[in-house]
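1. Got a sequence here, can you model it:
(one chain, ligands or ions: 2)
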Amino acid sequence: MRAAVLRSVPGQLEIEDISIDLPQSGEVLVRVSASGLCHTDLHFMQGHLPVDVPAILGHEVAGIVEKVGDGVTYVKPGDHVIACLSVFCGQCQQCLTGHPSICAEPESTDRIQSQSPRLRSDNESVFQFMRVGGFAEQILVHQNAIARIRKDMPLDKAALIGCGVTTGLGAVFNTAKVSPGAVIAVLGCGAIGLNVIQGAQICGASRIIAIDTNSRKLETASRFGATDFINPADGDPVEQVLQLTKGIGVDFSFEAIGSSVTARQAFMMLAKGASAIIIGLMGSDDEVSLPGLHFLAERKIQGCDMGSNRFRIDMPRYVEFYMDGRLNLDDMISERITLDKINQGFTAMNQGDTVRSVIIFDD
Ligand SMILES: [Zn+2]
Ligand SMILES: [Zn+2]
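-> Ligands and ions are numbered 1, 2, ... in the order given. Model (predicted):
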């Protein structure tokens, strides 16, 4: 099968023929229909975080089940699925207490050393990024890495649910549990931030303050439900938020950039007792410093991994939101590209020109 392979870091992707194995016990082979380009992939390509090479990146995937291994009961060939990097073991304390997105033992779903690798290039094993490896015509994943969805859901939009939508909506619904009437702020209006905005609107937030240095992204945010707009180029965003809220601050802030500066700002704009949700992926050397006295008024800062998802429950619900017209996925796709154009897609992302580029594979 054809796949985009990362061979050096920092580096671009090369289109190559890669051997993919047949499904063994508990595994599912999926024909990929669509695969979204996510900022996380770019972080690893640029070397901000370490990754083994050669690797197939990509983790925002929808497709159709081709084959299943022994013991797979959740899906059958022909089922439509969305993959998720939050692969869960189903048996650890986190999984059993309702937090499968922070499963303690996702590696228990991997193949063991004595088994052949899932992906190979000649005789070399190829690293399957995030246990998905989605920039490829097929993925071979554990059955605990997929959610089954209804077949009338368009698969290009379904792919978006694989990471960006689940992260943004989940941060609002699962991590923050935003209540009706809440005032929220979103720092960073890329794909994740837009989904936080949509989620806050579905929850009935009374005010949704969008913050971004890119004025085009603020315009897009208005289409997704933001009610107030702040460009840090016009002055300190914390001051601007406090002004907008008569000095009170917001009930929830969502950092969707991955910077220690904006994480601090997210905390500094909180009302008493409020929570800052840190969604953005920071580099391994980043540290966030906060003024200790601010904790006196019970302000909280909370990490968020993939929207604290229970993806087999969440993803089919998000599909329903889309089919009911309550979730805007159509405006989230800036361009549909072929696999060959993947590097150009990342260049556009790096320049801040796109919301989401989605690779569409031929049938
Ligand atoms: Zn992602
Ligand atoms: Zn687990």
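2. Name the nearest residue to the residue of the stretch 251-363 of the chain found nearest ligand 2, sequence neighbours excluded.
-> Going by CB to the ion, ligand 2 is nearest to residue 310 of the stretch 251-363 of the chain, at 12.0 Å. In short, each C-beta sits where N, CA and C put it, glycine included. Once flanking residues are discounted, residue 310 sits nearest to residue 100: 5.9 Å by CB to CB, 6 or more residues apart in numbering.
3. just residue 179 next, same as before
-> Using CB to CB, 6+ apart, the nearest residue to residue 179 is residue 203, at 7.1 Å.
4. and that neighbour, how many neighbours?
-> 20 (other CB atoms under 10 Å).
5. same check, this time on residue 185
-> 33.
6. Now it: phi and psi?
-> Note on residue 185: its backbone torsions stand at phi -130, psi 140 [degrees, to the nearest 10].
7. try residue 239
-> phi -60, psi -40.
8. What segments of the stretch 1-150 of the chain are strands?
-> 2-6, 13-17, 19-20, 27-36, 55-56, 61-68, 80-83, 119-121, 124-125, 127-128, 138-142, 146-149 (DSSP state E, counting those that start in this stretch).
9. Need those in a markdown table (columns: distance to ligand 1 and mean neighbour count).
-> Shown next, in a markdown table, are those (distance: least, CB to the ion, whole Å; neighbours: other CB atoms under 10 Å):
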| stretch | distance to ligand 1 | mean neighbour count |
| --- | --- | --- |
| strand 2-6 | 15 | 23 |
| strand 13-17 | 16 | 16 |
| strand 19-20 | 22 | 18 |
| strand 27-36 | 8 | 25 |
| strand 55-56 | 15 | 25 |
| strand 61-68 | 11 | 22 |
| strand 80-83 | 11 | 28 |
| strand 119-121 | 19 | 19 |
| strand 124-125 | 24 | 12 |
| strand 127-128 | 15 | 22 |
| strand 138-142 | 15 | 25 |
| strand 146-149 | 15 | 23 |
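10. Just send those strands back as TSV, with distance to residue 341 too.
-> Listed next are the strands of the stretch 1-150 of the chain as TSV, based on distance: least, CB to CB, whole Å:
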stretch	distance to residue 341
strand 2-6	10
strand 13-17	10
strand 19-20	22
strand 27-36	12
strand 55-56	17
strand 61-68	17
strand 80-83	21
strand 119-121	22
strand 124-125	26
strand 127-128	23
strand 138-142	19
strand 146-149	26
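11. Which one of these lies nearest to residue 357?
-> strand 27-36 (7.3 Å; CB to CB).
12. Please save the CA atoms from the closest one in CSV.
-> C-alpha atoms of strand 27-36 as CSV (Å, rounded to 0.1, in the frame of the first residue of the first chain):
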residue,chain,number,x,y,z
GLU,A,27,-6.9,-6.5,15.2
VAL,A,28,-8.8,-4.8,12.3
LEU,A,29,-7.6,-3.8,8.8
VAL,A,30,-9.3,-0.6,7.6
ARG,A,31,-9.3,0.8,4.1
VAL,A,32,-8.7,4.5,4.7
SER,A,33,-11.2,6.9,3.0
ALA,A,34,-10.0,10.1,4.4
SER,A,35,-7.2,11.3,6.7
GLY,A,36,-6.8,14.8,8.2
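13. Give me the sheet partners of that strand and which way each runs.
-> strand 61-68 (antiparallel), strand 138-142 (antiparallel), strand 356-360 (antiparallel) (DSSP bridges).
14. Identify the bridge partners of residue 28.
-> Beta-bridge partners of residue 28, as defined by DSSP bridges: residue 68, residue 141.
15. Going forward, count from 636.
-> Got it, the first residue is 636 from now on, which makes the last one we talked about residue 663.
16. Just the mean pLDDT for stretch 816-827, thanks.
-> Averaged over stretch 816-827, pLDDT sits at 96.
17. That one vs ligand 1: in contact?
-> No: judged by CB under 5 Å from the ion, stretch 816-827 stays clear of ligand 1, getting no closer than 8.3 Å.
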